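Trainee: below is the structure, and that's it, no one-letter string:
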DNA sequence: TTAAATAGGGTTACCGATAACCCTATTAAC
DNA sequence: GTTAATAGGGTTATCGGTAACCCTATTTAA
């Protein structure tokens, strides 16, 4: 590999002069500058950012950790983060925790040893606390995305899960439903808790009693097994609508319903959090509370870089992005079947 | 940040001894080893991989470049690559070219300055040649994914685009269609060329004349504008089926058809390359030639690491993964409307 | 005319880790 | 009892780049 010393030799200057040309610092005559640049091109010089990082104590690498790279919500978020990072002159190291604390921990160690300048962190859940504390202990700036973690005070970009849930459940109630099931993620995840709260509040405000028999808890990821539906359906007074706490769970619910010969929305209404992008483009079917995923990434990155460059207030900033009720056809009025 | 010198001081040994403990090299007594390890834990030591990379001349970072992070094909591929990289002890730097040669070039420069050990490269198209040559000039090992680039001889993992296209078109012909349109990606992309060839061959073998009026060329990404459909539909003898060269194009085609009040499959059959994962799970609708995306990433990564570690033959390896015809309901027999 | 300022560029030490080699007590061998 | 091995650990140079400081010739100001 070509180094500044090679350039220096060919251009008949010192290595320091080459460094100055590269960084546009110091005093260099136009003549030498041109000569050096020419040699750099001829030799195809590419700076070694490891060496540079070592002395500058900054890598210009940021890192983005998401919990599921196959979920369209996170890929849109990733695109927002990447676009913004690039615009601001940073490289981006991706990581995928698969909702697994151990993978997350591995990833944190890796990130620390890479000495990244900052981390955009979508936590797997409350137990991510330990991993985030590790980042803090090493003074790595980070911004949390999507899921708050109790015990951590930091910049955060999240959605309004409670409000979104309320919108969805309100909508179902408006349609005449009162037996509404909730298929939720783990309560170790803040968004699942908030969506539960939104669900509960909405019911309460409408005078509908909360029935714990109608609440299922799963993981946001394992949507394939629809076993739990049997429990819901064998209820003496089964639900007429299901609120799935995220897109994957909704897909699981709908598949499982269809396998049992239950039609959506004719026999069962289904709504969920997070849109399905391509799916919805292909077939506008699912009624959802859609979150501006791209913005999550873009704004998070913006906050992170501001924090790193020190041109943000020391105050912690919490950005809550609204979600949007998109009414399509997976839920219908309960009375319509009698029409 | 804690360094080996801090550890050395606290443990009352030299920095070299610490290094030896970390790497399990040299001769160190069990006693000192334990003492050093204890200090490392107490001080929360994390090795600086930049410093290590500098002297070892290897970073243990690999890089994955894809052309569209929102396309489920590439995210599955990415997951395969990441899982495998992790298993083999490498970190992964992601990049997203958005099918743009310039972004791709930026990314190559970044990758070079990071001194990654190797690159998994899904080229934007034939003009990626220049970017790949740059990697070669700097002796960075790489494996090409998905799209061959004329002029580059390297390890590659790709799908059997011609065969997949043939299967799809054969199937349409079997269903009685003979006016079959092709909505293709840019011919600067090898997969688009091969899918065209498969299409053409299939028609020829069945004695159907190829009609250039039925062939549309777009980019794999810009599926939103359905303008071209007007051209197809105003044909004196319009198509009864459309073969879209990838999933995004198919979504665009179907949306545009529906906007025009044309039903799929009743009025128009549609098939395409690449599955839609979640979409298909939700609603098994699109008939597709599905590629094992995860395997693309996993095998590519495997090849790359073997190449880097030098335990592969010097011969170039080309792995062609088959695609699978999945018959669902977006295409139907032409005659059925007369039934 | 002379001192001070400036332009243009070089020296040196250091970032954190490792390779290659060296040194000194023990221990083993004869 | 002496020599050769070996265990256990230290020294030094180096990876590629940059900060801080230094040096010298020319220019500028008085």
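Mentor: Great, that's in hand. None of the values given here were measured: they were computed from a predicted structure.

Trainee: for the helix or strand where residue A:50 lies, packing partners?
Mentor: Element membership for residue A:50 (DSSP states H and E) is helix A:49-56. On a contact count with 3 or more C-beta pairs under 8 Å, 6 or more residues apart in numbering or on different chains; DSSP states H and E, helix A:49-56 meets helix B:49-56, helix B:101-114. Backbone N, C-alpha and C define where each C-beta goes, glycine included.

Trainee: who are the packing partners of the helix or strand of chain A with the lowest mean pLDDT?
Mentor: Across the helices and strands of chain A, mean confidence by mean pLDDT, DSSP states H and E is lowest for helix A:278-282: a mean of 87. Packing partners of helix A:278-282 (3+ C-beta pairs under 8 Å, 6+ apart): helix B:247-259, helix B:278-282.

Trainee: which parts of chain A sit against DNA strand C?
Mentor: A:12-17, A:26-29, A:31-33, A:51, A:54-55, A:57 (C-beta under 7 Å from any atom of the strand).

Trainee: buried ones among those?
Mentor: With burial judged by 16 or more other C-beta atoms under 10 Å in any protein chain shown, the buried subset of the residues of chain A next to DNA strand C is A:13, A:17, A:28, A:32, A:51, A:54.

Trainee: quick revisit: give me whichever of the helices and strands packed on helix A:49-56 is most buried.
Mentor: Comparing the helices and strands packed on helix A:49-56 by mean neighbour count (mean count of other C-beta atoms under 10 Å in any protein chain shown), helix B:101-114 ranks first with a mean of 20.

Trainee: neighbouring contacts of it?
Mentor: A:46-50, A:61, A:86, A:91, B:59, B:61, B:63, B:65, B:93, B:95-97, B:119, B:123-125, B:127-128, B:130-131, B:134-135, B:138, B:140 (C-beta atoms under 8 Å, 6 or more residues apart in numbering or on different chains).

Trainee: residues in contact with the spatially closest residue to residue A:297 that is not a sequence neighbour?
Mentor: Residue nearest to residue A:297 in three dimensions, not counting chain neighbours: residue A:80, with 2.9 Å by C-beta to C-beta, 6 or more residues apart in numbering or on different chains. Residues near residue A:80 by C-beta under 8 Å, 6+ apart: A:293-301.

Trainee: against residue A:87, how distant is residue A:80?
Mentor: Residue A:80 sits 11 Å away from residue A:87, going by C-beta to C-beta, to the nearest Å.

Trainee: and what of residue A:127?
Mentor: Taking C-beta to C-beta, one finds residue A:127 at 34 Å from residue A:87.

Trainee: what's the pLDDT at the residue nearest the centre of chain A?
Mentor: The residue lying closest to the centre of chain A (C-alpha atoms, centre = their mean) is residue A:74, at 4.7 Å. Residue A:74 carries a pLDDT value of 96.

Trainee: secondary structure element for it?
Mentor: Residue A:74 belongs to helix A:72-87, assigned by DSSP H and E.

Trainee: tell me where the stretch 1-150 of chain A has strands.
Mentor: A:61-66, A:91-96, A:118-121, A:142-145 (DSSP state E, counting those that start in this stretch).

Trainee: one more: the stretch 151-300 of chain A?
Mentor: A:156-159, A:180-184, A:215-217, A:241-244, A:269-273, A:287-290.
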